[in-house]
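1. Sequence first, then the predicted structure, then my questions.
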Amino acid sequence: MKFTRTEDQLTAEGAGGGSVDPSPLVGTWLNTDKRTGGINKLILRQVDGALLVRAFGACDPEPCDLGEVRGYAFSNGISSSEAMAFTASFDFGFMETSIAVYLKGGILVLDSFNAFHDDSGRANYFSREFFHS
């Protein structure tokens, strides 16, 4: 099998460059909910064609730097090279957070999947947050 959807078939006229340009996502993004208990800021940078994702959590009194990881950019189809979404994962030892983020009408929509690995008995959880530049 070389494709899972008809529109994913590679044709000469539909061939993209094979890489996705993350520049439409680059910048500083702030959570629209100033009282969030989750991620309150993202800094997205492009370095040598790669997307780097730095997240900040809602710690008190100042946001805590959750670190910078590589993100994986996605376009809206095989013939497009412009990024409109990305995924990234943060491993904190006791918990792993995977985020799936997409651009919709100038807003970043962030879905986070949080899984605990510390035998604390806490339930894994999902959250959705919205960011503006």
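-> Sure thing, it's come through. If you're wondering where the values come from, they're calculated on a predicted model, not measured in any experiment.
2. Identify the bridge partners of the closest residue to residue 45 other than its chain neighbours.
-> Spatially, and ignoring its direct neighbours in sequence, residue 45 is nearest to residue 52 (4.7 Å; C-beta to C-beta, 6 or more residues apart in numbering). Where you see a C-beta, it was placed from the backbone N, CA and C, and this is true even at glycine. Here residue 52 sits in beta bridges with residue 45, residue 70, going by DSSP bridges.
3. list the contacts for residue 52?
-> Neighbour list for residue 52: 44-46, 68-71 [criterion: C-beta atoms under 8 Å, 6 or more residues apart in numbering].
4. quick one: which of those is nearest residue 131?
-> residue 44 (10.0 Å; C-beta to C-beta).
5. how many neighbours does that closest one have?
-> Applying the criterion other C-beta atoms under 10 Å, we find 26 residues in the vicinity of residue 44.
6. roughly how far apart are it and residue 51?
-> Between residue 44 and residue 51 the distance is 6 Å, computed by C-beta to C-beta, to the nearest Å.
7. Now do the shared contacts for the two.
-> Looking at what touches both residue 44 and residue 51 (by C-beta under 8 Å, 6+ apart), the common residues are 22, 25-26, 71, 86.
8. how about a markdown table for the residues you listed, with distance to residue 119 and secondary structure added?
-> Formatted as a markdown table, the entries for those read as follows, by distance: C-beta to C-beta, whole Å; DSSP: H, G, I helix; E, B strand; the rest coil:
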| residue | distance to residue 119 | secondary structure |
| --- | --- | --- |
| 22 | 37 | coil |
| 25 | 36 | helix |
| 26 | 39 | coil |
| 71 | 30 | strand |
| 86 | 31 | strand |
